[in-house]
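> attaching a predicted model along with its sequence, questions to come.
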Amino acid sequence: MEFVANKSNATLFVGVHGMGGIGKTTLAKTINNKLSNQFELRSFIADIRESCKQNGMHYLQNQLINDILKQDGGVRNKDEGIKFISSKFKGKKVLVLLDDADEVVQLKCLAGDHDWFSSGSKIIITTRNKRILEEARVDYNYEHKEMDNNQSLIMFSKHAFRRNSPPREFEDLTHEVVSITGGLPLSLEVFGSLLCGKEPTQWINTIKKLKRVPHTEVHKKLRISYEALGYRQKQIFLDIACFFICTNKIIASYMWDACGFFPSEGIEALIFMSLIKVGNDHKLKMHDQLRDLGREIVCEEN
């Protein structure tokens, strides 16, 4: 918000990236709502990744045209859409939220360049893949990270107890569940809702299960990023999940290189998809939820 406020008269492309379930859309919607009173012309294009697969790019372009111009664009293909939007929106100051893009071509079809819009326009983009934002040359690129322990405790408590902190008899159990989530908002919400209204004995049994068997609703979201990988990238991801967390990436790369997995390219792709991190000591790191997802996939396959 500080960045946007300091450049209020400029046309800005703002990107938010991070792993699945971390709250990118929630953050983008909050920014969108704070800015909305400054714009008469607004559009929120939700779930671009899935909608584009099901309906085609021209469907999303027509949605954008209808939101901004209040008319049916009649666009039949993406090239027609690019031509229409780039020419008809030039004098329009717009606020557009493009949610969950997974290919740079989607951004080029909906908001190809700054000069498509009038000065003062704001385009907010969310994605799991940082590379898309770099290729689109956004003006501000923000990595949305996991919640800290205090934030996690508050969010979990809101879903589990409908208040900001746990009752005294649930304090230890709450801290145990929060530690399992690893600060992932999606996990906090799902697990909090799962345990809401349950007795302490049920909490204990559920915690044991969560430690053994990852919650399916969380993994449905996280698995989207995994399925988007190529075969070699998937193998590297699964290897890290099972064997190489806290291992020097150079050591692990010797094996991947021998297997023909092109480790430099694969590791870079996993980093850009927010599926792993590499520390300053070159050690591979992975969120606990993603680690458990990888191990679950291996158990399913074998």
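The structure has been received and is ready for your questions. Note that this is a predicted model, so its numbers are computed, not measured. Numbering: from 1, shown residues only.
> what about the strands in the stretch 1-150 of the chain?
Secondary structure of the stretch 1-150 of the chain (DSSP state E, counting those that start in this stretch): strands located at 12-17, 41-45, 94-101, 122-127, 140-143.
> neighbours around Tyr59, how many?
Tyr59: 14 surrounding residues under other CB atoms under 10 Å. For every residue, glycine as well, the C-beta is placed using N, CA and C.
> check contacts around the nearest residue to it once chain neighbours are set aside.
In this structure, Tyr59 finds its nearest non-sequential neighbour in Ser51, 7.0 Å apart by CB to CB, 6 or more residues apart in numbering. Listed by CB atoms under 8 Å, 6 or more residues apart in numbering, the contact partners of Ser51 are Ile45, Tyr59, Leu60.
> Gln63 too?
So Gln63 contacts Ser43, Ile45 (CB under 8 Å, 6+ apart).
> what's the separation between it and Thr127?
Here Gln63 is placed at a distance of 18 Å from Thr127 (CB to CB, to the nearest Å).
> again with Ile154
From Ile154 across to Thr127, the span is 27 Å (CB to CB).
> with neighbour numbers in mind, choose between these two.
Under the neighbour definition other CB under 10 Å, Ile154 and Thr127 were set side by side, and Thr127 has more, 29 against 15.
> excluding its backbone neighbours, what's nearest the more buried one?
Thr127's closest residue in space is Ala101 (CB to CB, 6+ apart), at 4.9 Å.
> so what's the residue count around the one you found?
Ala101 is flanked by 25 other residues according to other CB under 10 Å.
> quick one, helices of the stretch 51-200 of the chain?
For the stretch 51-200 of the chain, helices defined by DSSP state H, counting those that start in this stretch occupy the ranges 57-69, 78-88, 104-110, 130-136, 149-161, 171-181, 185-195, 200-212.
> which of these sits most buried?
Ranked by mean neighbour count under mean count of other CB atoms under 10 Å, these are led by helix 185-195, which reaches a mean of 22.
> quick one: that one to helix 149-161, angle?
Between helix 185-195 and helix 149-161, the angle comes out at 30 degrees (axes from the mean of the first three to the mean of the last three CA atoms, to 10 degrees).
> was I right about Asp72 contacting Leu64?
No: checked against CB atoms under 8 Å, the pair Asp72 and Leu64 is beyond contact range at 12.0 Å.
> circling back to that earlier point, among the contacts of Ser51, which one lies nearest to His114?
Nearest to His114, judged by CB to CB, of the contacts of Ser51 is Ile45 at 18.1 Å.
> which residues are in contact with that closest one?
When contacts are counted by CB under 8 Å, 6+ apart, Ile45 touches Ser51, Leu60, Gln63, Leu64, Val96, Leu97, Leu98, Asp99, Leu110.
> ok, so what distance separates it from Leu64?
Taking CB to CB, one finds Ile45 at 6 Å from Leu64.
> shared neighbours of those two, anything?
Shared contacts of Ile45 and Leu64, counting by CB under 8 Å, 6+ apart, come down to Val96, Leu110.
> show me the shaky parts of this protein.
Counting by pLDDT under 70, the chain has no low-confidence residues at all.
> domain ranges for it?
Annotated domains of the chain cover 2-143, 149-212, 219-301 [automatic domain parsing].
> so how far is the first residue of the shortest one from its last?
The reference is to domain 149-212. For domain 149-212, the first-to-last residue distance is 22 Å (CA to CA, to the nearest Å).
> now list whatever residues contact both of Asp72 and Leu64.
Common contact partners of Asp72 and Leu64 (CB under 8 Å, 6+ apart): none.
> before we move on, the earlier item: go through the strands of the stretch 1-150 of the chain and pick out the most buried.
For these, the highest mean count by mean count of other CB under 10 Å goes to strand 122-127, at a mean of 26.
> can you give me how far it is from the chain middle?
Chain-centre distance of strand 122-127: 12 Å, with CA atoms, centre = their mean, to the nearest Å.
> mind listing residues that contact it?
Under CB under 8 Å, 6+ apart, the answer for strand 122-127 is 4, 11-17, 24-25, 27-28, 31-32, 35, 39, 94-102, 107, 111, 117, 132-133, 136, 138.
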